[in-house]
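1. below: sequence and its predicted model.
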Amino acid sequence: MAGTALVVGASGIVGGATARLLRQEGWTVHGLARRPVAQAGVAPVAADLQDAQATAAALAGLRPDAVFITTWLRQDSEAENIRVNSAMVRNLLDGLRSAGAPPRHVALVTGLKHYLGPFEAYGKGALPQTPFREEQGRLDVDNFYYAQEDEVFAAAARDGFTWSVHRPHTVIGKAVGNAMNMGTTLAVYATLCRETGRPFRFPGSPAQWDGLTDMTDAALLARHLLWATETPAAANEAFNVVNGDVFRWKWMWGRIADWFGLEPAPFDGTIVPLEQQMADDAPIWRRIAERDGLAEVDLGRLASPWHTDADLGRPIEVVTDMGKSRRMGFTAYQPTDDAFIRLFEQLRAERLIP
């Protein structure tokens, strides 16, 4: 069922993985970003989705069968997150409409903040029971994910395309300059601990250390996006997307430490955020990168400690039900420790870590 795809946020973790999979499956792929990076087989589309006119001009002549929205812009407040990110989705879909050929399907990637709340109220207040299920619906709080969904729903009703919403847990994958990147953040942190002799200590909460959790590999998420696009029963549905296994960080932390040749520090239950631990590490990273000939000397383009702290500091156990997708026939499975190790090997091969 290969056709023409527009991947919005093609330079990010999810967008990059989706573009690669679509190419492998024979699709013609256009990759939209504010500053597109070179990707083999992907036609770049440069556009700032905050600018409606410029977006429409950039999309002129495109006739995508499927659109994959995998991007957002972090703002200083949830009100601004809603204003900016809803406008970006609206400008994109209006631009495609003005080009004269609305897509057949639009897939929107959001996440578990659908159930946990936005950053300003993350993991607080009355939350649905875990494992999270799609039928649990929206929280009674403002949330830019809901605003993005509403823009997709309104455009679908107007233009006649089908949609799907995909809610991954924390995504494991490679992208430089990404705002939410736990895998690379932990790889950089482990490298810094090895370099400086600092203890490789878990930065988060006892609830995360001891409780069950799950994650989402970017390649598996890409497969889920394509599956929903090509599966009639998945039209106009929202889905959770996780690897299929569960783990405890008290076990995973040791697996990560082993790969980097480190001894994991004992966890005493004290939260010591990475943002605090890594606050002065930029010069150290630059020194490592220059000494070892790494591809990126700017620590801020590799690590996002604030986001990793938000996930690992949660006061509740977070696991995700994927029964809806399983019942419809999506059976892909990815062990999470293997996903981490594959990412670390890729980062080393591409000279992003020594």
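-> In hand now; what should we look at? What you see is a predicted model; the values in this text were computed from it and never measured.
2. from now on I want contacts and neighbour counts done on CA atoms only, so please keep to that.
-> Will do.
3. what comes into contact with the lengthiest helix in the chain?
-> Ordering each helix of the chain by length in residues (DSSP state H) puts helix 78-98 first. The contact list for helix 78-98 (Cα atoms under 8 Å, 6 or more residues apart in numbering) reads 49-53, 55-57, 59-60, 62-63, 72-75, 102-103, 118-120, 142-145, 147-148, 151-152, 155, 159.
4. what residues sit buried inside stretch 194-208?
-> R194, F200, R201, F202, P203, G204, S205, P206, A207, Q208 (16 or more other Cα atoms under 10 Å).
5. what sits against the residue lying closest to the third one once chain neighbours are set aside?
-> For R201, the nearest residue in space outside its immediate sequence neighbours is A265; the separation is 4.9 Å by Cα to Cα, 6 or more residues apart in numbering. A265 sits next to P199, F200, R201, F202 when contact means Cα under 8 Å, 6+ apart.
6. what do you get for R351?
-> Neighbouring residues of R351 by Cα under 8 Å, 6+ apart: G293, L294, A295.
7. of all these, which comes closest to I353?
-> Closest to I353 out of the contacts of R351 is L294 (6.6 Å), distances taken as Cα to Cα.
8. roughly how far apart are the closest one and G16?
-> As judged by Cα to Cα, to the nearest Å, L294 and G16 stand 21 Å apart.
9. between those two, who's got more neighbours?
-> Set L294 next to G16 and count neighbours by other Cα atoms under 10 Å: G16 wins out with 25 against 17.
10. gap between the more buried one and R23?
-> For G16, the distance to R23 - Cα to Cα - is 11 Å.
11. mind listing what's buried along the longest helix of the chain?
-> Here helix 78-98 shows 78, 81-82, 84-97 as buried, counting by 16+ other Cα under 10 Å.
12. for stretch 266-280, same thing?
-> F267, I271, P273, L274, E275, M278.
13. including secondary structure and distance to V176, could those go into TSV?
-> Below are the buried residues of stretch 266-280 laid out as TSV (DSSP: H, G, I helix; E, B strand; the rest coil; distance: Cα to Cα, whole Å):
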residue	secondary structure	distance to V176
F267	coil	30
I271	coil	27
P273	coil	22
L274	helix	19
E275	helix	18
M278	coil	18
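14. return the member of those residues nearest to A218.
-> Within the set of the buried residues of stretch 266-280, L274 lies nearest A218; the separation is 22.9 Å, counting by Cα to Cα.
15. got a list of what the closest residue to that closest one other than its chain neighbours touches?
-> Leaving aside its sequence neighbours, L274 sits nearest to P305 (Cα to Cα, 6+ apart; 5.3 Å). Contact analysis of P305 by Cα under 8 Å, 6+ apart lists M182, T185, P273, L274, E275, M278.
16. swap the cut-off to 10 Å and go again
-> Counting by Cα atoms under 10 Å, 6 or more residues apart in numbering, P305 makes contact with 179-182, 185-186, 189, 273-279.
17. out of these, list just those in helices.
-> M182, T185, L186, Y189, L274, E275, Q276, Q277.
18. any idea how far the first one is from D217?
-> I take that to be M182. Per Cα to Cα, M182 is found 11 Å from D217.
19. residues shared between the contacts of the two?
-> Common neighbours of M182 and D217, using Cα under 10 Å, 6+ apart, are T170, V171, I172, G173, F340.
20. make TSV out of the residues you listed and add secondary structure, neighbour count and distance to A228.
-> As requested, the shared contacts of M182 and D217 are exported to TSV (DSSP: H, G, I helix; E, B strand; the rest coil; neighbours: other Cα atoms under 10 Å; distance: Cα to Cα, whole Å):
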residue	secondary structure	neighbour count	distance to A228
T170	coil	21	20
V171	strand	24	18
I172	strand	25	20
G173	coil	25	21
F340	helix	23	25
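21. export the residues you listed to CSV and tack on distance to M1 and pLDDT?
-> As requested, the shared contacts of M182 and D217 are exported to CSV (distance: Cα to Cα, whole Å; pLDDT from 0 to 100):
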residue, distance to M1, pLDDT
T170, 29, 95
V171, 27, 96
I172, 27, 97
G173, 26, 95
F340, 31, 98
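22. wait, which of those is closest to T231?
-> Taking Cα to Cα as the measure, T231 lies nearest V171 of the shared contacts of M182 and D217, at 23.2 Å.
23. on the strand side of things, show who the most centrally placed residue in the chain bridges to.
-> The centroid of the chain falls nearest to V171 when counting by Cα atoms, centre = their mean (4.7 Å). Going by DSSP bridges, V171 is paired in beta bridges with T216.
24. let me know whether it touches L221 as I believe.
-> Yes - at 8.4 Å, V171 counts as touching L221 under the criterion of Cα atoms under 10 Å.
25. give me the common contacts of those two.
-> V14, V241, V242, N243.
26. pLDDT value on G117, please?
-> If you check G117, the pLDDT there is 86.
27. coming back round to it: mutual contacts of G16 and R23, please.
-> The contact sets of G16 and R23 overlap at V42 (Cα under 10 Å, 6+ apart).
28. show me where the stretch 251-354 of the chain has its helices.
-> 274-277, 282-292, 305-312, 323-328, 336-349 (DSSP state H, counting those that start in this stretch).
29. possible to save the ones in helices among the contacts of P305 as TSV with pLDDT?
-> Formatted as TSV, those follow (pLDDT from 0 to 100):
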residue	pLDDT
M182	95
T185	97
L186	98
Y189	98
L274	98
E275	96
Q276	97
Q277	97
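30. quick one: low-confidence parts of this protein?
-> Within the chain, the ranges that satisfy pLDDT under 70 run 120-125, 179.
31. can you rerun that using 90?
-> 1-2, 35-40, 61, 74, 98-102, 117-129, 137, 140, 175-180, 315-316 (pLDDT under 90).
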